[in-house]
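Undergrad: Sequence and predicted structure, then a few things I'm wondering about:
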Amino acid sequence: MDPNELADRALDEIAAAADEATLEAVRARYLGRKDGELTRALRGLKDLSPERRAAEGAAANEAKARVDGAISERRAALRAASLERDLGGSREDLSLPPRTVRLGRLHPISRTIREITGIFATMGFESVEGPEVEWDYYNFEALNIPPDHPARDKFSTLWIENTAEVALARTADGGSGGSAPAPAASRPMLLRTHTSPMQIRVMEQRRPPVRVLVPGRCYRFEATDATHETVFFQTEGLAIDEQLSMADLKGVLYSAARQLFGGARKVRFRPDYFPFTEPSAEMAFDCIVCDGSGTTDEGNCRTCGATGWIEWLGCGMVHPKALERVGYDSTRYQGFAFGGGVERIAMLLTGTPDIRLFHENDLRYLESV
Amino acid sequence: MPTLRVPLAWLREHVDVSDVDDVALRLHMSGSEVDRVERTGESWGDKVHVARIVGLEKHPNADKLQLATVDYGRGRTTTVVTGATNLAVGDVVPYAEAGATILDGHTGRPFALKPKPMRGIASEGMVLSAKELGLGDDHEGIMQLARSLTVGALLRDAIGETTIVFEIAPNRPDTLSITGIAREVAALYDLPLREPDAASIGWDLAPEVLTVRIDDAKGCPRFCAAYLEDVGITPSPDWIRRRLTAAGMRPISNVVDITNYVMLELGQPLHAYDATRLRGRTLVARRAAPREHLRTLDGIDRVLRPSDLVIADADRALGLAGVMGGEDSEIRDDTSTVALEAASFEPLGIRRTADAHGLQGSSGSAAARRFGLELSTALPPIALARAVELLREHAGARLVGATDVHPAPRANVTVRLRFRDVERVTGMQVSSEETVGVLRRLGFATADDGEALAVTAPAHRTDIGIPEDIVEEVARIVGYDRIPTSIPNGPLPVHERHPLEQLRERARDVLVGIGLQETISYAPIDPAWLGRLTPDGAAGAPAARSTTLGPEPLRITNPTTVAQSVMRTTLRASLLDTAARNLRHRPGIAIFEIAPVYLPRPADLPDERWTAAICLAGRAEGGSWLERDRDWDVHDIKGVVTALFRGIGARPEVQGRDGAPGLHPGRSRLYADGPLAVLAWGQLDPRVAARWDLPAETFIAEVDLASLLAVARPAAVAPSRFPAAMRDLAVVVEEGRPYGEVEQAIRDAAKGLIGSVSLLDLYRGPQVGEGRKSFAVRLVLRAPDRTLSEADVAKAMKRIEGRLLHQIGAAIR
């Protein structure tokens, strides 16, 4: 048959095909690899003489192209229609609860420490860590707080039993094992009351310029309440160089406060006392809840105790005696140190109302922050 | 930090203060920490008056009520109904008119008073208890006011007080007094300071009257004393009583009150002795004798330590110097001759003595709290003169004589301040004129030699020693607000990477990423917890100690509670406790903690080893329309550990031997490096689980992160560009054969051609016969450098099958 006629017939059938299966049958009938009518017609060309082959071949190929194109077009149309029907007809109840995807979370303290160390890292502060169980020397003496110094009153200390001396005391006691703790050891061991001992350890190990940030766990002998814990976290900063001043200290903490709590935070410094810094300061930023006004719609602001300020950390210029103790030339080098609680920041960032929640590990709380 | 209460009226006696809030803020911002400003009386307004009871009669309709007629000045009288039983005609009491805001005597809540009839008699107002005025908890009777108050005056003006409450830093005992604070105010506002009136004293006490001696000049550098006769012990005048009360001290009698008054006013504690009790007419400062005893004012018989400094007479200790007086020589109602001591003591000795005798701290001795700080040695004669003046005026005392023993007076401290020091330290520019001016206001003397200032601290400033101290003085008075802000410049310091910390944070991310919740628990734990980690509960027995559960923990000498008294040697107990508490309100948990454990070392700080610990317990998933219920099982914990290893770049094979301490012997693994447990994981021993009230299927993993560091070597893999071949294999083995051996044999035999081995199915049943099991294993074979031919694959499979057959007696189906 004439390829063009075949093609015309095929086009009618294609147009009439109501679904993809019918269309596929049409395709097979005309373009099937073995028995398709057009296929056969094309195959028959090879038996023709070269002149006829050229003429008829062109016609046959054109017919095949027409059918091919029509099938593709029809298939696309059928698919679109079928999809249209599907989209209109099949609905999933999407108000159903989803499949559970387990979501893990960092503890808010871990997150806050990361945030703080990250901020100071951008200002060149390297994060370093040190021991929680510490010698009295690093926790106190090297920081200008000798035994019985009045400043020790501020640091209610948890002491570690000196095992060697306890063992001795027990032997002397006839090995009962129930004797009172041994007298203070010659080298008393304690749970660090702040991260400041790392100031000394870092300076012992490095020469200026120094810029470090020390996150870590600290301990105090203290009654717990909504804002006090026996175990808590601090971050300590230390920067030593030839020309660092309180203005740099202020700038660094200013930047940190703004990165943590927003670009408009104000910062306040007031004099304070620490034996290992001189001059010393306490740094506060304006309250993030009442914006420093001291009042909210509900009356006095409870976050800042109506003062408008949130005290963050203690800081100051490293005491020349502390510098000299680690062998720094205090006429050449100077610098600043700061240290503050992590929980305070975590509470503000997460809206956590009670510091005890951090160690309680109630998953209902931890999954909420 | 020592607390100081400064009543505003008392402060005003020494310096002009107009706006109390401004003064409080400026003091706070210059280093005298203001805790709060207390105001009593403000809420009373102009509706609460000083009134006198002028008539009392029984209520006609009620046995327990009275009708009191009160006069509240300017001819105003009214009758009120009251249930109080402590009233008499002539009493001066607080009276509130209708409209006054007072506190409910029971609930303590404020309310506005309204006139109301009680049992038929109209009551226009109320006479008030202390509690109703917010002046304490006393609601037993009507508050009795001093009869000297003017009837009709507003109570606010008569007894209202504004008090600034300070927390004084221990290096500034000079501000631990009313005049000390006044001196700060004077410096801040550049105002004159009014010193208290003091008697002019000739220091000429005859030794026959009283000999004063210092035997230990280190412990007692200065000892002043006065000898007074004709002293009459009476209650103090009202104004003294009121000020002591406002400042937080309890009035007793004039002599004791005056010593306390002077202590608050000037910061120098004094001690008064009944002079008739002194043997040998002597006061001496010396160390305690061996086995010396003393009965102190609190009635306690104390054995003194040889290092305790005492004030003694010729025969015996009279008191613990600077800490607490003795009972025998205390002022009594019939005392008429008084020896008054004003001395300086070495702070360290005072602190040690107070500590040893349990008199340290806020509940201890007020004198010791002050003497424990570096008080100025200039104070004793000043305070003594002031006290003598008050005793003359208010106790009728006659000064017989006074003496001042001061063997080695110290010169005031002088510091050289270079002009650039202020800017060098603070970054703030302060002119030399301003610097000198500020220092002058603070009482510092300055001498300018052209390049530096010689700055001499006033005697009361015992905290000054180095230029930075002077810089702080200048900065705090001009205000830290003036310090500019800058960002540090100069060379960037080294910035090292810390592999262990990086690994730890990576581990946190991996565990969070696979859906576990991080927890943080107390590092000090209950020692009993460690015992609950072993099946036999033997905590103390060394045999029960093992690598994972750690050695004997470090003990805290003074724990706040036994529940936090040893430093944990394992995170396991903390996790089990957290799991048990949470499983009370949820079906399942998947948690981890990453923290150090504290492994004691002889004569050194402990080894603080960072550990990751994981706990799975209860329901893993399910309980919803999409998912079948499923509890966590041992394959989950292995999966978590495997994911952790892969996440940090360690080889995911989880090795070790069967059976970790405290875990189910047949369902746990331990990998140890000598005494150190590197990795333990598996099911908790069900007997341990029961002890923690946990389900028998509770799963634990613990990893020593430092050891992991050695194997964490993330290496990028460029995927092979050559196609892989996949072959499935059914390997039948006897029941006791671990899968791990099968996989290992396959890998060994494939000689590097293995891409992966996955176990598709584990089958037990009739098709393989009793006592046997079948692993359906899928192998992916590939070579890094070529496409494997059919022949290559066939050869490899033949090797693998041969190995399985010969090495582990497997049958291939």
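TA: Good, I have the coordinates.

Undergrad: Quick check: pLDDT value at the residue nearest the centre of chain A.
TA: Centre of chain A computed as the mean C-alpha position; nearest residue by C-alpha atoms, centre = their mean is residue A:111, 5.4 Å away. In the predicted model, residue A:111 carries a pLDDT score of 97.

Undergrad: and the stretch 101-250 of chain B, which of its residues are near chain A?
TA: Proximity of the stretch 101-250 of chain B to chain A (C-beta under 8 Å from any C-beta of the partner chain) is limited to residues B:169-172. Using the backbone N, CA and C atoms, a C-beta is placed for each residue, glycine as well.

Undergrad: If you rank those residues by neighbours, which is first?
TA: The most crowded member of these is residue B:169, carrying 24 neighbours; neighbours defined as other C-beta atoms under 10 Å in any protein chain shown.

Undergrad: picking that back up, the residues of the stretch 101-250 of chain B next to chain A: which two are farthest apart?
TA: Maximum pairwise distance among these (C-beta to C-beta): 7.6 Å, between B:170 and B:172.

Undergrad: which SS state does residue B:329 fall under?
TA: Each residue gets one of three states, and residue B:329 gets coil by DSSP: H, G, I helix; E, B strand; the rest coil.

Undergrad: Sort out which of the residues of the stretch 101-250 of chain B next to chain A are in helices and list them.
TA: Counting by DSSP state H, no part of those is found in helices.

Undergrad: and the closest residue to residue B:356 other than its chain neighbours, what element?
TA: Computed as C-beta to C-beta, 6 or more residues apart in numbering or on different chains, the closest residue to residue B:356 that is not its neighbour in sequence is residue B:305, at 6.0 Å. In this assignment (DSSP states H and E), residue B:305 forms part of neither any helix nor any strand.

Undergrad: repeat for the one 10 residues further on
TA: Secondary-structure assignment from DSSP H and E places residue B:315 in no helical or strand segment.

Undergrad: longest helix of chain B?
TA: helix B:790-808.

Undergrad: Kindly report the same for chain A.
TA: Longest helix in chain A, counting residues (DSSP H): helix A:50-89.

Undergrad: I'd like to know how many residues surround the residue nearest to residue B:111 when sequence neighbours are not counted.
TA: Residue nearest to residue B:111 in three dimensions, not counting chain neighbours: residue B:104, with 5.9 Å by C-beta to C-beta, 6+ apart. The number of residues packed around residue B:104, counting by other C-beta under 10 Å, is 12.

Undergrad: Return the residues in contact with residue B:104.
TA: Contacts were defined as C-beta atoms under 8 Å, 6 or more residues apart in numbering or on different chains; by that measure residue B:104 touches B:110-111, B:132.

Undergrad: For it, what are phi and psi?
TA: In terms of degrees, to the nearest 10, the main-chain angles of residue B:104 are phi -70, psi 130.

Undergrad: and residue A:238, how many neighbours?
TA: By the other C-beta under 10 Å criterion, the neighbourhood of residue A:238 contains 25 residues.

Undergrad: Wait, a strand at residue B:491?
TA: No. According to three-state DSSP, residue B:491 belongs to no strand; its state is coil.

Undergrad: Surely it is in contact with residue A:208?
TA: No. If you go by C-beta atoms under 8 Å, residue B:491 and residue A:208 don't touch, sitting 9.1 Å apart.

Undergrad: what sits in contact with each of those two?
TA: A shared contact of residue B:491 and residue A:208, defined by C-beta under 8 Å, 6+ apart, is any residue touching both; here these are residue A:241.

Undergrad: More neighbours: which of these two?
TA: A direct count of neighbours by other C-beta under 10 Å for residue B:491 and residue A:208 places residue A:208 higher, at 21 against 10.

Undergrad: measure the more buried one to chain B for me?
TA: 8 Å (C-beta to the nearest C-beta, to the nearest Å).

Undergrad: which residues are in contact with the helix or strand containing residue B:773?
TA: Assigned by DSSP H and E, residue B:773 belongs to strand B:772-781. When contacts are defined by C-beta under 8 Å, 6+ apart, strand B:772-781 is touched by residues B:724-735, B:737, B:739, B:742-743, B:746, B:750, B:753-764, B:767-768, B:788, B:793, B:796, B:800, B:813.

Undergrad: Try it again at 7 Å.
TA: With contacts defined as C-beta atoms under 7 Å, 6 or more residues apart in numbering or on different chains, strand B:772-781 is touched by B:724-735, B:739, B:742, B:746, B:750, B:753-764, B:768, B:788, B:793, B:796, B:813.

Undergrad: Give the rounded mean pLDDT of that strand.
TA: Averaging pLDDT along strand B:772-781 gives 96.

Undergrad: Just checking: what are the partner strands of it?
TA: strand B:725-734 (antiparallel), strand B:754-763 (antiparallel) (DSSP bridges).

Undergrad: could you dump those strands to CSV with mean pLDDT, mean neighbour count and distance to residue B:230?
TA: Converted to CSV, the strands paired with strand B:772-781 look like this (pLDDT from 0 to 100; neighbours: other C-beta atoms under 10 Å in any protein chain shown; distance: least, C-beta to C-beta, whole Å):
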stretch, mean pLDDT, mean neighbour count, distance to residue B:230
strand B:725-734, 95, 17, 111
strand B:754-763, 93, 13, 106
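
Undergrad: which stretch among those comes nearest residue A:198?
TA: The minimum distance between residue A:198 and these falls on strand B:754-763, with 46.6 Å, by C-beta to C-beta.

Undergrad: contacts for that closest one?
TA: Residues external to strand B:754-763 that are found in contact with it (C-beta under 7 Å, 6+ apart): B:724, B:739, B:743, B:746-747, B:773-782.

Undergrad: go on, stretch A:12-27?
TA: A:10, A:70-71, A:74-75, A:78.

Undergrad: ok, these vs residue A:237, which is closest?
TA: Looking at the contacts of stretch A:12-27 and their distance to residue A:237, the nearest is residue A:75, at 69.3 Å (C-beta to C-beta).

Undergrad: So the chain: which segments form each domain?
TA: Went with chain A since none was named. According to automatic domain parsing, chain A is divided into the following domains: A:3-87, A:108-130+A:196-366.

Undergrad: I was thinking of chain B, sorry if that wasn't clear
TA: Taking automatic domain parsing as the criterion, chain B consists of the domains B:3-41+B:162-189, B:42-159, B:211-405, B:414-479, B:499-708, B:725-812.

Undergrad: filter the contacts of strand B:754-763 to the buried ones?
TA: Burial of these was assessed by neighbour count (16 or more other C-beta atoms under 10 Å in any protein chain shown); the buried members are B:724, B:743, B:746-747, B:773-775, B:777, B:779, B:781-782.
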